[in-house]
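Colleague: Structure of the sequence below:
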Amino acid sequence: MSDAVDRGGVPPDMPAGAQDGQHALHRAIGPFQLFAYTLGGMLGAGIYGLVGRAAGDLGNAVWLGFAVAMVAALLTGLSYASLGSRYPRAGGAAYVTQRAYGMRLLTWTVGLAVMASGLTSVATQSRVVAVNLLALFPVGVPPVIVALGFLMLVGGLVFRGIRESMAANIVCTAVEFLGLVLVILVGLPYWGSVDLLEVPSPDGITATMLLSGAILTFFAFIGFEDSLNVAEECRDPSRTVPIGIVGAMLAATVLYMAVAVTAVSVVPYAELARAPSPLAAVTARAAPWLPGWAYIAITIFAVANTALLNYVTASRLAYGMARDGLLPKPLARVHPATRTPHVAVAVLFVLLVALMLAGDIGQLASATVLLLLTVFMIVNMALVVLQRRPGEPRGGFEVPAFVPVLGALVCGALLFNRVAGGDWRAPAMAGAILVAILALYALMRPRTTARTA
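Modeller: Here you go, the predicted model:
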């Protein structure tokens, strides 16, 4: 088998649709756009509450927790960057899983688990956006109507084109970034006022404490994995994907650590841990002149951006799986004018509306995080398998085998920690989702095409 051709005879860096006369996705993403896409996926609104929870465990040393978490998350991030440079395909984790293991059931499970994570996230975020918009503009409209309008807006943007989606992402990511920078700037005069190694325990910083804090802050980095699903739409993916993923993870780490230092410098860590909105407490004390609506507006941009990126990711995953025979073939159709998978976008919109109307699905969203950690383990080990297989194409960014192995071990440890020490409802819900995924497989009996077989 040639290094330039995959196991089905299709060059891994060439859209399959272009091979068989169909319309292909538009290669419109450069390094900066993918950097913003990855950074926007990680920043989200989670960091705004996560700092307080981590401060409860680590005290003033919360910044150290982010540093350790970055090392742990970067192991899997490097694996994804390497895989994206090797196999820039819209199927993302599902394509890589099938290529490595050749097991349809496993590929189906991975693909639908990732999709479930994205869809539950978008549905949840649509309601958050609605509540915050009504807080800014109390017009007496039911939140469900506002949430539906938001889903229509995001769905229309995803259908319109990857260029337009990337432009909207850059705007939203800039607002998220500047919001966190504003927190840092108003709190900068307080730097140096506290001992940044002070922790709640009289024993000082221990390995157990640091691990606990790192486990919590690790989830601030989730979002980098979305970039693998848009690799097919990148210009020069062997260079663009690694720059986008690794660069964004490093930038997020610096930003998170600076925010953490600022937060504990302005507000005592015990008080910060009790605050319902930790960074709002920081700005209220360091910048009392800042109007309350500004924080709400930043939150809207952050949540809306995450919803947009998850919608794009889910649509590309559905498109890639359909093209490879794992989902109904119509989902692989690409609109000739917009060059987007319009059928997948429309079908997902229906599913999103149903999820949004279902009400509070927070527990469902928590369960899909457990599934995502399992996917990380599978994808990390898939890279090991592909690295060891003779004839597999090399990418523009290669990592030694110990990187994905350690990445899989870290994700396994995180998964065990969440299942053993967390609320039993999330693991139970994750198990129910897996049962549903397996039942769908038995019902549909998908067949992979030669491209991934």
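Colleague: use CA for all of it now, contacts and neighbours both
Modeller: Will do.
Colleague: can you list the residues that contact the one helix or strand Glu271 maps to?
Modeller: In this structure, Glu271 is located in helix 269-274 according to DSSP states H and E. Among residues not part of helix 269-274, those counted as contacts by Cα atoms under 8 Å, 6 or more residues apart in numbering are 51-56, 59-60, 263-264, 278, 281.
Colleague: same question, stretch 185-196
Modeller: 60-61, 261-266, 282-283, 286-287.
Colleague: how far does it sit from the chain's center?
Modeller: For stretch 185-196, the gap between its own C-alpha mean and the chain's C-alpha mean amounts to 31 Å (Cα atoms, centre = their mean, to the nearest Å).
Colleague: Make a ChimeraX selection of whichever of the contacts of stretch 185-196 turn out to be buried.
Modeller: Buried members of those, identified by 16 or more other Cα atoms under 10 Å, are gathered into one ChimeraX selection as follows:
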select :60,61,261,262,263,264,265,266,282,283,286,287
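Colleague: The contacts of stretch 185-196: which two are farthest apart?
Modeller: With distance counted by Cα to Cα, no two of the contacts of stretch 185-196 lie farther apart than Ala61 and Ala287, which are 23.3 Å apart.
Colleague: Now do the buried residues in the helix holding Glu271.
Modeller: Neighbour-count burial for helix 269-274, with 16+ other Cα under 10 Å as criterion, is recorded at 269-270, 272-273.
Colleague: Now the element after that helix, going C-ward?
Modeller: Next in line after helix 269-274, if elements are assigned by DSSP H and E, sits helix 278-286.
Colleague: any low-confidence regions in the stretch 351-453 of the chain?
Modeller: 360-363, 365, 421-423, 447-453 (pLDDT under 70).
Colleague: wait, which of the contacts of stretch 185-196 is closest to Leu372?
Modeller: Closest approach to Leu372 among the contacts of stretch 185-196 (Cα to Cα): Ala61, at 27.9 Å.
Colleague: That closest one and Pro200 touch, don't they?
Modeller: No: here Ala61 does not reach Pro200: they are 9.7 Å apart, not a contact under Cα atoms under 8 Å.
Colleague: Mind putting the contacts of helix 269-274 into JSON lines with distance to Arg339?
Modeller: Below are the contacts of helix 269-274 laid out as JSON lines (distance: Cα to Cα, whole Å):
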{"residue": "Val51", "distance to Arg339": "40"}
{"residue": "Gly52", "distance to Arg339": "43"}
{"residue": "Arg53", "distance to Arg339": "43"}
{"residue": "Ala54", "distance to Arg339": "43"}
{"residue": "Ala55", "distance to Arg339": "46"}
{"residue": "Gly56", "distance to Arg339": "48"}
{"residue": "Gly59", "distance to Arg339": "50"}
{"residue": "Asn60", "distance to Arg339": "49"}
{"residue": "Ala263", "distance to Arg339": "44"}
{"residue": "Val264", "distance to Arg339": "47"}
{"residue": "Pro278", "distance to Arg339": "42"}
{"residue": "Ala281", "distance to Arg339": "45"}
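Colleague: Go ahead and flag the most central residue of the chain.
Modeller: Gly223 (1.9 Å; Cα atoms, centre = their mean).
Colleague: how much space is there between that residue and Tyr319?
Modeller: Applying Cα to Cα, to the nearest Å, one obtains 20 Å for the distance of Gly223 from Tyr319.
Colleague: do Tyr37 as well
Modeller: Using Cα to Cα, which is the criterion applied here, Tyr37 is 19 Å from Tyr319.
Colleague: Validate this expectation: Arg89 resides in a strand.
Modeller: No: with DSSP: H, G, I helix; E, B strand; the rest coil as the criterion, Arg89 is assigned coil and is not in a strand.
Colleague: wait, isn't Tyr80 in contact with Gly223?
Modeller: No: using Cα under 8 Å as the test, Tyr80 is too far from Gly223 to be in contact (11.5 Å).
Colleague: list the contacts for the closest residue to Leu197 other than its chain neighbours?
Modeller: The spatial neighbour of Leu197 that comes closest, neighbours along the chain excluded (Cα to Cα, 6 or more residues apart in numbering), is Ala61 at 4.9 Å. For Ala61, the residues meeting the contact criterion (Cα under 8 Å, 6+ apart) are 55, 196-199.
Colleague: Can you say which of these are buried?
Modeller: Members of the contacts of Ala61 classed as buried by 16+ other Cα under 10 Å are 55, 196, 198-199.
Colleague: List the ones among the residues you listed that fall in helices.
Modeller: Secondary-structure check on these using DSSP state H: residues within helices are Ala55.
Colleague: Nearest residue to Leu348 in space, ignoring adjacent ones along the chain?
Modeller: Ser315 (7.1 Å).
Colleague: So Glu398 is in contact with Ser82, correct?
Modeller: Yes: in this structure Glu398 lies within contact range of Ser82 using Cα under 8 Å: 5.5 Å.
Colleague: And these two? Which one has more around it.
Modeller: Here Glu398 and Ser82 are compared on neighbour count by other Cα atoms under 10 Å; more neighbours surround Ser82, at 25 against 16.
Colleague: wait, the more buried one sits on Pro400?
Modeller: No: under the criterion of Cα under 8 Å, Ser82 makes no contact with Pro400, lying 10.1 Å away.
Colleague: Can you report how many residues neighbour Arg425?
Modeller: One way to gauge burial is a neighbour count; for Arg425, by other Cα under 10 Å, it gives 14.
Colleague: cool, and Val435?
Modeller: Under the neighbour criterion other Cα under 10 Å, Val435 is assigned a count of 13.
Colleague: My reading is that it lies in a strand. Confirm?
Modeller: No: residue assignment for Val435, taken from three-state DSSP, gives helix, which places it outside any strand.
Colleague: start the count at 242, not 1, going forward
Modeller: Sounds good: first residue 242 from here, last item Val676.
Colleague: So it versus Thr503, what's the distance?
Modeller: For Val676, the distance to Thr503 (Cα to Cα) stands at 45 Å.
Colleague: cool, Thr615 as well?
Modeller: Relative to Thr503, Thr615 is positioned 34 Å away (Cα to Cα).
Colleague: Which of the contacts of Ala302 fall within strands?
Modeller: The strands, defined by DSSP state E, take in nothing from the contacts of Ala302.
Colleague: Since that was my last question, I'll sign off now.
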